[in-house]
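Colleague: Curious how this folds, go ahead:
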Amino acid sequence: MLVKMYYNIKIIIFKLACFKLALPADGATGEHEDTSQPRQVTSTRRTQVSVRGPDSPKIRGEVHAPIRGLKCLCTNAHSMGNKQEELALLLADTNPDIVGLTETWWESTHDWAVNIKGYRLFRWDRKGRKGRGVAPYVKKQYTSLPNSVGSEDGQTEMLWVRIQGGQGQRDLMVGVYYQLPNQGEELDWEFSGQLVETVKSRDVVIMGDLNYPDNCWEEQSARSDRSHRFLAEIQDLYLTQEVHSPTRANALLDLVLATGNDLVRGLQVLDHLGDSDHCLLEFTIQLRVSKACSKAAALDFRRADFNELRRLVGEALRSQRVRELRI
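Modeller: Next comes the predicted model:
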């Protein structure tokens, strides 16, 4: 009888302790993923996981340790034709994880010379005409793939690469962009559409030559209507601009935009690559790590009715059966 009464009291406690707390799994962000367009990319990693997104393939890779920092270089090369060897030496010396180049001026005749050992190259070459073009290099140790944003026939010189984050981290979207000094409004709106579509619950970094020489970033002001629209847009998207020194003569043309104040750190303006008239930018992308959460259910005793619990337990203890057991 005593044992039975003991379990009855435990049942009463369970009922009065209210609800269970179900928390997200380790590394979860609480966001719902769209799995409407899954496809696989194979990996040589051991443990396989799936990462899906609304506008990109499914990445499969190892659940690896969080990425502590991604070292990046960015510049307007003003033709890579005579700078490829110097770039390879620079990468061997500085060991960056990501390199963003604008105005590569590559075409099909350069295919044999553009690859660098240890890096995966993504290219956007100008079709049918010489000049321009953008290209990010990403270390092969990271799971990365091109990410399609906007229309397939878009003319914006923008290339997006999605890099899988480590455990507890969201994927990183890196964009390399070159904007003509006086390009038309149609291309401006196309770029704006890509920004709006990409900056949705993601860590995003955009680097490149955006050609807004009349912007005053300290005062957040601009002379032309076009530049003013751009300032207003990045403010609406909560993007921060991280470059504060001139990158070509006395003009600040090469920019680094990021979602949040702490995503890009330690930015420096360095020397030129070869005879390019643009400076190199060096910085680190510090991916955020979500707090580890347990999936175990727990009782919330703060919401229990202890007065009622005492009353029920008291009645049980005063019962005839308890007195017979001399408790």
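Colleague: what's the weakest-modelled helix or strand in the protein?
Modeller: Least confident element among the helices and strands of the chain, by mean pLDDT, DSSP states H and E: strand 49-53 (a mean of 29).
Colleague: Give the buried residues for stretch 264-275.
Modeller: 264, 267, 269, 272-274 (16 or more other Cβ atoms under 10 Å). The way it works is simple: take the backbone N, C-alpha and C, and place the C-beta from them, glycine included.
Colleague: would a markdown table of those with distance to Gly168 be doable?
Modeller: Below are those laid out as a markdown table (distance: Cβ to Cβ, whole Å):
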| residue | distance to Gly168 |
| --- | --- |
| Val264 | 20 |
| Leu267 | 25 |
| Val269 | 32 |
| His272 | 38 |
| Leu273 | 35 |
| Gly274 | 40 |
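Colleague: out of these, which one sits closest to Ala298?
Modeller: Val264 (38.0 Å; Cβ to Cβ).
Colleague: Can you verify my assumption that that closest one contacts Gln241?
Modeller: No - when contacts are counted by Cβ atoms under 8 Å, Val264 is not listed as touching Gln241 (9.7 Å).
Colleague: Between the two, which contacts overlap?
Modeller: Val256 (Cβ atoms under 8 Å, 6 or more residues apart in numbering).
Colleague: Buried residues, the helix or strand hosting Trp189. List them.
Modeller: Element membership for Trp189, per DSSP states H and E: helix 185-198. Neighbour counts over helix 185-198 (16+ other Cβ under 10 Å) mark 187-188, 190-192, 194-195, 198 as buried.
Colleague: tell me the average confidence for that helix?
Modeller: Mean per-residue pLDDT for helix 185-198: 89.
Colleague: Quick one: list the elements packing against that helix.
Modeller: strand 157-163, strand 172-178, helix 225-236 (3 or more Cβ pairs under 8 Å, 6 or more residues apart in numbering; DSSP states H and E).
Colleague: CSV for those, including mean pLDDT?
Modeller: As requested, these are exported to CSV (pLDDT from 0 to 100):
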stretch, mean pLDDT
strand 157-163, 93
strand 172-178, 95
helix 225-236, 93
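Colleague: Let me know which of the ones you listed is the nearest to Gly118.
Modeller: Using Cβ to Cβ, these put strand 157-163 closest to Gly118, at 15.3 Å.
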